[in-house]
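# requesting a structural model of the entry that follows:
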Amino acid sequence: MGTMTRLFGGESSDAISSKSDKLTAPTDASVITPLNPGNFVSIRTSPVVEGPRYFKKEEADALKKLAKEKTQNARHSKKAYKSLGQIEAADAKVHKAHRGYERIVATGEFTKKKSDVGLAKHLYHVRVLTHN
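Reported below is the predicted structural model:
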């Protein structure tokens, strides 16, 4: 078994491909990606009026009340979506920072193992020289 195989594992290309699939998988099944563009539903509180018509006073008053309510809810929704966006951005920053930390750990581990291999080679050569 070679040094690289000992350090990094002797996995087949299928095993590596499987890891690649995991790596590129979305963090959540419902997250929007090029392969999962989400849905394009919309919101429509009242039906579209297809042609000209007269409204009764009661209908006009009810629509005015509903319009006021929807305007307030839209303001609240805008705040909520802004907050959700800030939470998502914060999550992404933490995720990125953690991956940076993992890169440092991986680099450190590689450096340590490289040092171990260097020592092993040196000890091997010392053993060969002392046994001749």
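# measure T111 to V105 for me?
For T111, the distance to V105 equals 11 Å [Cβ to Cβ, to the nearest Å]. In short, each C-beta sits where N, CA and C put it, glycine included.
# I meant to write K22 there.
Using Cβ to Cβ, one gets 19 Å for the distance from K22 to V105.
# when those two are compared, which one has more neighbours?
V105 (10 against 7; other Cβ atoms under 10 Å).
# residues contacting the more buried one?
Neighbour list for V105: empty [criterion: Cβ atoms under 8 Å, 6 or more residues apart in numbering].
# now the residue sitting nearest the centre point of the chain. Nearest residue, chain neighbours left out?
By Cα atoms, centre = their mean, the chain has its centre lying nearest to T27, at 4.5 Å. In space, and not counting its chain neighbours, T27 is closest to H95: 7.9 Å by Cβ to Cβ, 6 or more residues apart in numbering.
# return the per-residue confidence for that neighbour.
Listed pLDDT for H95 reads 96.
# what of the one 5 residues further on?
Reported pLDDT at G100 in the predicted model: 97.
# heads up, I number from 25, so please use that
Got it, the first residue is 25 from now on, which makes the last one we talked about G124.
# secondary structure element for it?
helix 81-154 (DSSP states H and E).
# for that helix, what is the distance to the chain centroid?
Its chain's average C-alpha position is 7 Å from that of helix 81-154, according to Cα atoms, centre = their mean, to the nearest Å.
# how many neighbours does the residue nearest to T51 have?
There are 11 residues near H119, going by other Cβ under 10 Å.
# any regions of this protein where pLDDT drops low?
The chain contains residues with pLDDT under 70 at 25-41.
# could you check how far I128 is from Y148?
Using Cβ to Cβ, I128 is found at 30 Å from Y148.
# just to revisit the earlier point, any figure for the gap between the residue nearest to the centre of the chain and I128?
22 Å.
# what does I67 give?
To I128, I67 is 45 Å away according to Cβ to Cβ.
# those two: who's more crowded?
The residue with more neighbours, out of I67 and I128, is I128; 10 against 7, by other Cβ under 10 Å.
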